[in-house]
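**Q** how would this look folded up:
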Amino acid sequence: MLSTQCGTKRRFQLVLIKPSHYDADGYVVQWLRSTMPSNSLAAVFSLAQGAAERQVLGPDIPIDVSAMDETNTRVRPREIAQRIQQNGGAGLIGIVGVQSNEFPRAVDIARAFRELGVQVMIGGFHVSGCLSMLKEIPKDIKDAQALGISIFAGEVEDHMDEVVRDAGAGTLKPIYNYMKDLPGLGNVPSPPFLPYDFVQRTIGNVTSFDAGRGCPFQCSFCTIINVQGRKSRYRTPDSVEHILRKNWEQGVNRFFITDDNFARNKDWEAIYDRIIKLREDDGMDVRFMIQVDTLCHKIPNFIEKSRRAGVTRVFIGLENINPANLIAAKKRQNKITEYRKMLLDWKRVGIMTFAGYILGFPNDTPETIKHDLEIIKRELPLDMLEFFVLTPLPGSEDHKILAEKGVWMDPDMNKYELEHVVTAHAKMSKEEWQGAYRSAWDIFYDPEHMETVLRRAYACGINIRSLMPVLFMFSSAVPVENLHPLQWGIFRIKYRRDRRHGLPLEAPILFYGRYAAEIARKAAQLAWRWRRLKAIVRRVEADPNAKFYMDEALTPVAEEDSDHMELYTQNEAARVAVERERRVAGVKAGGANGSAVPAHQGNGHDAGERPVPDRPRSTVAPPA
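**A** Take a look at the predicted model:
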């Protein structure tokens, strides 16, 4: 736990907790080192520190702000409650950034504190999404309120002082609903920040921040548009520089910019120019991972300036290669005719490409999913592909429609981590759908294709020694740990007493015996996988012709690709999409300016809630 303290007797204790979630056996998913700090936690922590510095409870009641991420730190309610009592008994537990799959764990944490007489508030995407989209508050939130837990929906930038004052007076409201009150980010005095002793509990010395929020698009599976709004809001280049300099001073120089689509930030170039100056003139070797859309390569200078600004990895919401599925999900901005062009442009500047792929769209079957993945392996030069089960997340249009129609959805929110099937599919049974998800990892990350990925990267000038650990992580997490790579970390930690409410406490000999055997088994599996991957890397490096490797995916884009590449000919929807794009291209070529820049250049978005870092969609591999 990190904290800020000054030394008087009566001190208000504001403790912020980012919860984890439960595994299949009901134990908290926790690691010695987790993947990446939560942006929500960083944002709320900075705002809370600002409230403490302004002495919002008056000069006689100092405020101590502390924060913890449960994915790498054990939450001990009794110890925290005791600290609150030792400082005069006034305090608030703020459980922040809670996604749908984390809500059951958040309530269990809150329940323990409420039994100890401590005030608790829960905020985040789950409660905000439910309040923004549903006519009635769902049962799980009502049950939380019945425990005396206060609910905060919306963004806290303009309301932190109000919450702290209410908690200081012991008069927290049952619910704070600010979903219609979205704050501007340009002049926020306390941008996201976490101290170094917090960041060092994660892999790769990396932290995160958002340069903007909101999205104008309408993807039906997305929660961003209904929680953060369809109007994009941005931090200023000055604010971004402040974040970078403050982190640089404490030795943190790797960042994940959590904007759902940084390419559509209207100030992307001004921000990049500022970062380029810091790197090239001030000698600050800062590096980044960003999220972009599939049309980002059409923005003049965007990819080139990304490289100069220190971007080493990009995440793209590919989502699917079947145009019929993309249309069904209202993701019309994705054009399969642009996928190869975009990926090759990133390859050209030596930046690693990651993509998200959703399984379970209306036209998917186990056979079509397998077939589509083989096309991707053969024709798209992706370095990493991560898979998600199409999930009706609370806060999305999909969830709202199913709820209004009374369609069955699994009531256990712990399963809404985009890894479990939680509703029915027209063409697949639950078992087939779940099996297709598990098989997808094996299909894409088979040893032969991992060697292909490494050969492509080597030929494009990407450091495959930096790519290797990420490839290891993405290929091993599901088969070894039964968790998505975004939920993974270094060395799994389990506590016998930290089990889901309602499940029995296991006998020590049974629990610790199974835990020890699990550690040994996983260590052996991981060691074998690492040696196998290392052998592939050595084979690629030893090949005198490796720099000249070429395959279909790396072949420069040509118009005749649409006549023979299966990406464009796999089904009627693909053929229609290609023909439509050809007609559009012809119209543009004959227009007044022939501009290749998409009309929505100034704004954008590329997906919905994803498991990490806390928002909703992203990969977590830290910048190299």
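
**Q** Ends of stretch 93-111, what's the gap?
**A** Using CA to CA, to the nearest Å, one end of stretch 93-111 lies 11 Å from the other.

**Q** burial count for residue 236?
**A** 18 (other CB atoms under 10 Å). In this view, the C-beta of every residue, glycine as well, is placed from N, C-alpha and C.

**Q** nope, residue 161 is what I was after
**A** A count of nearby residues for residue 161, using other CB under 10 Å, gives 15.

**Q** Could you shift the numbering so residue one becomes 18, and keep it that way?
**A** New numbering, starting at 18: the last item is residue 178.

**Q** ok, it - contacts?
**A** With contact set as CB atoms under 8 Å, 6 or more residues apart in numbering, residue 178 has these partners: 68, 71, 73.

**Q** And for residue 421?
**A** Per CB under 8 Å, 6+ apart, neighbours of residue 421: none.

**Q** picking up where we left off before, rebuild the contacts of residue 178 as a markdown table, extending it with pLDDT, neighbour count and secondary structure.
**A** Shown next, in a markdown table, are the contacts of residue 178 (pLDDT from 0 to 100; neighbours: other CB atoms under 10 Å; DSSP: H, G, I helix; E, B strand; the rest coil):
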| residue | pLDDT | neighbour count | secondary structure |
| --- | --- | --- | --- |
| 68 | 96 | 21 | helix |
| 71 | 95 | 13 | coil |
| 73 | 96 | 19 | coil |
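
**Q** is it true that residue 443 touches residue 378?
**A** No. Using CB atoms under 8 Å, residue 443 makes no contact with residue 378, being 10.4 Å away.

**Q** quick one: which of these two has more around it?
**A** Counting neighbours by other CB under 10 Å for residue 443 and for residue 378 shows that residue 378 has the greater number, 22 against 8.

**Q** and that one, backbone torsions?
**A** Torsion angles at residue 378 (phi, psi; degrees, to the nearest 10) stand at phi -70, psi 160.

**Q** Roughly how far does it sit from residue 298?
**A** Note on residue 378: its distance to residue 298, by CB to CB, to the nearest Å, is 47 Å.

**Q** in the lengthiest helix in the chain, what's buried?
**A** Scanning the chain for the longest helix, with DSSP state H as the assignment, gives helix 525-559. Neighbour counts over helix 525-559 (16 or more other CB atoms under 10 Å) mark 528, 532, 546, 550, 553, 554, 557 as buried.

**Q** Spatially, which two of the residues you listed are the most separated?
**A** Pairwise distances across the buried residues of helix 525-559 peak at 43.2 Å for 528 and 557 (criterion: CB to CB).

**Q** Could I get the full set of strands for the stretch 168-317 of the chain?
**A** Here the stretch 168-317 of the chain has its strands, by DSSP state E, counting those that start in this stretch, at 192-194, 223-226, 229-230, 250-251, 271-274, 304-309.

**Q** who does the fifth one touch, helix- and strand-wise?
**A** By that I understand strand 271-274. For strand 271-274, the packing partners by 3 or more CB pairs under 8 Å, 6 or more residues apart in numbering; DSSP states H and E come out as strand 223-226, strand 304-309.

**Q** closest to residue 325 out of the ones you listed?
**A** strand 304-309 (11.4 Å).

**Q** Next SSE downstream of the closest one?
**A** Next helix or strand after strand 304-309 toward the C-terminus (DSSP states H and E): helix 319-325.

**Q** any idea how far that following helix is from the chain center?
**A** Offset of helix 319-325 from its chain centre (CA atoms, centre = their mean, to the nearest Å): 22 Å.

**Q** who touches it?
**A** 280, 285-286, 289-290, 293, 296-297, 307, 313-314, 331, 362-363, 365-368.

**Q** Beyond that helix, next helix or strand please.
**A** Scanning forward in sequence from helix 319-325 by DSSP H and E, the next helix or strand is strand 328-336.

**Q** Output that next one as PDB - backbone C-alpha positions only.
**A** The C-alpha trace of strand 328-336 is given here as PDB (Å, rounded to 0.1, in the frame of the first residue of the first chain):
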ATOM      1  CA  VAL A 328       5.500   4.000 -29.800                       C
ATOM      2  CA  THR A 329       6.700   0.400 -29.800                       C
ATOM      3  CA  ARG A 330       3.400  -1.400 -29.800                       C
ATOM      4  CA  VAL A 331      -0.100  -0.800 -31.100                       C
ATOM      5  CA  PHE A 332      -3.300  -2.500 -30.300                       C
ATOM      6  CA  ILE A 333      -5.900  -2.700 -33.100                       C
ATOM      7  CA  GLY A 334      -9.600  -3.600 -32.600                       C
ATOM      8  CA  LEU A 335      -9.700  -6.000 -35.600                       C
ATOM      9  CA  GLU A 336     -12.600  -7.800 -34.100                       C
END
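
**Q** Just checking: what are the partner strands of it?
**A** Strand pairing for strand 328-336, using DSSP bridges, gives strand 304-309 (parallel), strand 369-376 (parallel).

**Q** quick check, nearest of the contacts of residue 178 to residue 486?
**A** Closest approach to residue 486 among the contacts of residue 178 (CB to CB): residue 68, at 39.4 Å.

**Q** Hmm, residue 80 and that closest one touching each other?
**A** Yes. Contact between residue 68 and residue 80 holds when scored by CB under 8 Å: they sit 6.6 Å apart.

**Q** Between the two, which contacts overlap?
**A** Listed as contacting both residue 68 and residue 80 by CB under 8 Å, 6+ apart are residue 181.

**Q** Quick check on residue 86: phi, psi?
**A** Dihedral angles (degrees, to the nearest 10) for residue 86: phi -110, psi 120.

**Q** cool, and residue 32?
**A** According to degrees, to the nearest 10, residue 32 has phi -110, psi 120.

**Q** Now do it against residue 62, distance only.
**A** For residue 32 relative to residue 62 (CB to CB), the value is 11 Å.

**Q** where do the contact lists of these two overlap?
**A** By CB under 8 Å, 6+ apart, residue 32 and residue 62 have these common neighbours: residue 84.

**Q** Where does pLDDT dip in the stretch 318-467 of the chain?
**A** Across the stretch 318-467 of the chain, the ranges flagged by pLDDT under 70 are 347-350.

**Q** Since that was my last question, I'll sign off now.
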